[in-house]
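> A predicted structure for the sequence below; I have some questions about it.
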Amino acid sequence: MKRRAAILAALVAGPAAGALFPPPAAAHGIVARTDLPIPVWLFGWAAAVVLVVSFAALAALWPNPRLQGEVPMRRLFRIPAVVDVLAGAAGIAALGVTVYAGIAGVQDALGNLAPTVIYVVFWVGLVVASVLFGNVWRALSPWRAIARAVSWLSSKVSSGEPPEPLEYPAWLGRWPAALGILFFAWVELTYVNKDDPSTLAIMVLAYTVVMLVGMALYGIETWSERADPFGVYFGLFARLAPLERRDGVLYARPPLSGAPKLELVPGTVVLLCVAIGSTTFDGLENGPLWTSIRPHLISFFQHLGAGGLIADQWTGTVGLVVCVGIVALFYRLGVAGMSDVGEGHTPSELAGKFAHTLIGIAFAYAFAHYFSLLVFQGQAMAHLISDPLGHGSDIFGTSHTGINYNAISAAGIWYVQVAALVIGHVSGLVLAHDRAVAMYRDVRDAVRSQYWMLVVMVGFTSLGLWLLSAVNT
Amino acid sequence: MKRAIPLVVLVAALVVAFVLAKGSGNDNNKTSTTSSSGPVVVHVVNGKPQGGIQKITVNKGQPVRFTVQSDVSDEIHVHGYNFHKDVKKGGSVSFDFPATIDGIFVIELESRGEQIASLQVNQ
């Protein structure tokens, strides 16, 4: 009971301490416009809705698992094989154009096609597409497409059996993906040359080489599902989608029903904490709390002998890692509390069994945070595609279209942000409840264990709201 | 269910703390923002804004008026609104345009990539 009280105190003290600091310029990849902070009245309403929804959920949720194992799916239609070939070709073409533009075009973040493709269409757009349509990245991935084309060609040319791929080490799990996404977030948020087109293009090429070597060694499917950071990352979000492709046939399934099937391999929880933590840091960087801490950290690193830019970079790195750490710690504390309930499940076991409940939270964070970037900077694709190098060409006659910043009002953006967080919160509660009733023999234990998950979910949602409300003004 | 009660109280306290913190934070902000009525001058010294990144706050529909006085020659770029004006070394340049788009926008020395001010247009 004492231990329980200590955990509870820590859980509540963490976010509360964060809230007591007064709320802190645009830092991620490319930015021309930042959202206005969520106003107090909306913040209050959102928090109230979150609480009411949470307690209503505890009272009203089902006593038997509904989303575990095989759920009924409705067959839609067979996807012709040619779609894969075309999608793969499109992916390779996009990769080629982006890298070429990055290297040969003007070295300007907004005038060159590459940064917008990478930070907006790819990093944000594909997350949204995955949640809506399922794992589209599997078909579009240029790395998978190149590897598959090469393996098809070599099977035509050589008569012998292809060599067996190496066995992918079980302990490695999703760790390569977690570290890869953390590195990408670091580049986007703290790296000095984050918006330098040629640097990005070279990184894309390096990534391509690593992916192709990995696929050659461990097999295309194994590598894409475990180690290819973006393949794994988009694949997580695709688990929330109402569509699933199996053996070439497209099925409709209940939303979220793909999430409980998340395989519990090492690195999964870390990957999700990286996803949530990196968005947290991106939000934090725009707020007063970070602007008040930042100068102290920079002078600390300068004191250690680092130059101005390097000190700045180290400061960002510390901030990013600390945010990921806080997210992980908070989840871990909730899980530790849960392990006190019922039949002696260990915290490590529970951390894995409830990891999938964080997918919706990670999506809510990403969507709330990057929605306006997608809506506004996404429009830039119209002129960038006509003038990818920024040299003044007009291939499709659209090079003079601008960005309509009044496409959606500030209030419209707030509502979308708050709705995303609340829906993400509900998805987390639903998935956690469903897993709990499947795990605990006693329904009362299942419900009791969920008080802890409720605190975790309310904590994450409040933190998300706070980040959106604490924008530097 | 008894055990849930302290938890409910704690969660509620947490939310209240958030709302209060948010409220007080906002009050602080109000006192620190520049009023839109007076002319704002951003002084650029050695290619950096004097006194840090300057804040210009207006309501949507009002005019945005500010002057940049610079000891380096560069191009001033108001992002979002996409206004560009050159400033000569030791010279100054003024902007006057209606605030038609809400949001927070970067104003920078284009070739240096140095942010000198941020324009906040409240809706």
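In hand now; what should we look at?

> in the host helix or strand of A:Val422, what's buried?
In this structure, A:Val422 sits in helix A:410-439 according to DSSP states H and E. By 16 or more other CB atoms under 10 Å in any protein chain shown, the buried positions in helix A:410-439 come out as A:410, A:413-414, A:416-418, A:420-439. Heads up, the C-betas are built off the backbone N, CA and C, glycines and all.

> now stretch A:327-344
So for stretch A:327-344, counting by 16+ other CB under 10 Å, buried means A:327-328, A:330-342.

> quick one: that stretch near chain B?
No. Counting by CB under 8 Å from any CB of the partner chain, chain B has no neighbours in stretch A:327-344; the shortest distance is 9.7 Å.

> and that stretch, average pLDDT?
What stretch A:327-344 shows for mean pLDDT is 86.

> do you know the pLDDT at the residue of the stretch 251-400 of chain A found nearest chain B?
Across the stretch 251-400 of chain A, the shortest distance to chain B (CB to the nearest CB) belongs to A:Pro288, at 7.1 Å. According to the prediction, A:Pro288 has pLDDT 84.

> what sits against the spatially most central residue of chain A?
With distances taken as CA atoms, centre = their mean, A:Ala275 lies nearest the centre of chain A, 4.4 Å away. Residues in contact with A:Ala275, defined by CB atoms under 8 Å, 6 or more residues apart in numbering or on different chains, are A:Ile181, A:Tyr233, A:Leu236, A:Ala362, A:Tyr365, A:Ala366.

> shouldn't the second one be in contact with A:Val274?
Put plainly, it is A:Tyr233. No. The pair A:Tyr233 and A:Val274 does not pass the contact test of CB atoms under 8 Å, sitting 9.1 Å apart.

> where do the contact lists of the two overlap?
A:Ile181.

> what ranges do the strands span in chain B?
B:40-45, B:48-49, B:54-59, B:63-70, B:74-78, B:83-87, B:92-98, B:103-109, B:114-122 (DSSP state E).

> quick one, which of those strands is packed in tightest?
Stretch with highest mean neighbour count among the strands of chain B: strand B:103-109 (a mean of 24; mean count of other CB atoms under 10 Å in any protein chain shown).

> quick one: strands adjacent to it?
strand A:33-34 (antiparallel), strand B:74-78 (antiparallel), strand B:114-122 (antiparallel) (DSSP bridges).

> what does the stretch 351-473 of chain A have sitting close to chain B?
Counting by CB under 8 Å from any CB, the stretch 351-473 of chain A sits next to chain B at A:372, A:402, A:405-406, A:409-411, A:448, A:451, A:454-455, A:458-459, A:462, A:465-466, A:469-473.

> tell me which of those residues fall in helices.
A:372, A:410-411, A:448, A:451, A:454-455, A:458-459, A:462, A:465-466, A:469 (DSSP state H).

> what stretches of chain B score poorly on pLDDT?
B:1-39 (pLDDT under 70).

> mind redoing it with 90?
B:1-41, B:46-55, B:60-61, B:79-83, B:90, B:101-104, B:106, B:108-115, B:117-118, B:122-123 (pLDDT under 90).

> show me how it divides into domains.
Here the domain assignment for chain B is B:1-32, B:40-122, based on automatic domain parsing.

> just the buried positions in the helix or strand containing A:Arg148, please.
For A:Arg148, the element it lies in under DSSP H and E is helix A:142-157. For helix A:142-157, a neighbour-count test (16+ other CB under 10 Å) marks A:Pro142, A:Trp143, A:Arg144, A:Ala145, A:Ile146, A:Ala147, A:Arg148 as buried.

> who's in contact with the nearest residue to the second one once chain neighbours are set aside?
The spatially closest residue to A:Trp143, leaving aside those adjacent along the chain, is A:Met211, at 4.0 Å (CB to CB, 6 or more residues apart in numbering or on different chains). Going by CB under 8 Å, 6+ apart, A:Met211 touches A:Trp143, A:Ala147, A:Trp223, A:Asp228.

> picking that back up, distance of the residue nearest to the centre of chain A relative to A:Leu182?
9 Å (CB to CB, to the nearest Å).

> do the same with A:Gly378
Taking CB to CB, one finds A:Gly378 at 25 Å from A:Leu182.

> next, count neighbours for A:Asp228.
Applying other CB atoms under 10 Å in any protein chain shown, we find 26 residues neighbouring A:Asp228.

> just A:Thr346 next, same as before
11.

> surely it touches A:Ser339?
Yes. Here A:Thr346 reaches A:Ser339: they are 6.1 Å apart, a contact under CB under 8 Å.

> follow-up on the earlier one: let me have the contacts of A:Met211 in a markdown table, extended by pLDDT.
Putting the contacts of A:Met211 into a markdown table (pLDDT from 0 to 100) gives the following:
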| residue | pLDDT |
| --- | --- |
| A:Trp143 | 95 |
| A:Ala147 | 92 |
| A:Trp223 | 93 |
| A:Asp228 | 94 |
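
> where does B:His79 fall, phi/psi-wise?
Note on B:His79: backbone dihedrals following degrees, to the nearest 10 are phi -70, psi 160.

> now it, nearest residue through space, not along the chain?
A:Ala32 (3.9 Å).

> the one you found and A:Leu297, how far apart?
In terms of CB to CB, A:Ala32 sits 27 Å off from A:Leu297.

> between the two, who's got more neighbours?
A:Ala32 (22 against 18).

> which SS class is A:Leu205?
helix (DSSP: H, G, I helix; E, B strand; the rest coil).
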